[in-house]
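Q: task: produce atomic coordinates for the following.
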Amino acid sequence: MMIQPLVENAINHGLLPMKEKQGVLEVKIQKQARRIVISVVDNGIGIEESYRRKKNKSIRHDSNGIIILQNRIAVFNKVLKEAIDFEISKLKNENETGTIAIISIPLLKKTHDDKLKT
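A: As a prediction, this is how the structure comes out:
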């Protein structure tokens, strides 16, 4: 529910427009302290180039995957004691293009009354 829009965006907006090199998509799910951290990394054209190309197109396509994901996270954050964090940015390496998206979800534990708590 949360990973799919990130993978779809990486493929459609980052990897498919590439012509010069082979695209790589990496999805990692790791436990870090009391959180599950999901990262989706691609070596595609990058956020800035994707936006530039989108502005230059005569046919507009509204990509709502990230907006829907942000809305889902907002709903969860109203219920959870610890927030789900989400960030998306260009790769930090100056020599590469691409995008990294990270979702950090607090681990939940069951209490004696079976309610989930963070």
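Q: what's the burial count for the closest residue to Glu96 other than its chain neighbours?
A: The shortest distance from Glu96 to any non-neighbouring residue, by CB to CB, 6 or more residues apart in numbering, is to Asn43 (6.1 Å). Placement of C-beta: from N, CA and C, glycine included. Look at Asn43: counted by other CB atoms under 10 Å, it has 21 neighbours.
Q: just want the most central residue of this protein.
A: Ala101 (3.6 Å; CA atoms, centre = their mean).
Q: what about that residue, which SS state?
A: Here Ala101 is strand, with the state taken from DSSP: H, G, I helix; E, B strand; the rest coil.
Q: was I right about it contacting Lys90?
A: No - the criterion here is CB atoms under 8 Å, and Ala101 misses it with Lys90 at 10.8 Å.
Q: how about the contacts made by the residue nearest to the centre of the chain?
A: Going by CB atoms under 8 Å, 6 or more residues apart in numbering, Ala101 touches 6, 9-10, 39-41, 86-88.
Q: what's the burial count for Ile84?
A: Ile84 has 19 neighbours, counted by other CB under 10 Å.
Q: let me see the contact set for it.
A: Contacts of Ile84 by CB under 8 Å, 6+ apart are 73, 76-77, 103-106.
Q: could you pull out the helices for this protein?
A: 3-9, 47-56, 65-79 (DSSP state H).
Q: shaky segments in this protein?
A: Along the chain, segments meeting pLDDT under 70 span 58-62, 110-118.
Q: run the last query once more with 80
A: The chain contains residues with pLDDT under 80 at 1, 56-63, 94, 109-118.
Q: what distance do you get for Gly23 to Asn71?
A: Here Gly23 is placed at a distance of 28 Å from Asn71 (CB to CB, to the nearest Å).
Q: neighbour count winner among these two?
A: Neighbours were counted for Gly23 and for Asn71 using other CB under 10 Å; Gly23 has more, 16 against 11.
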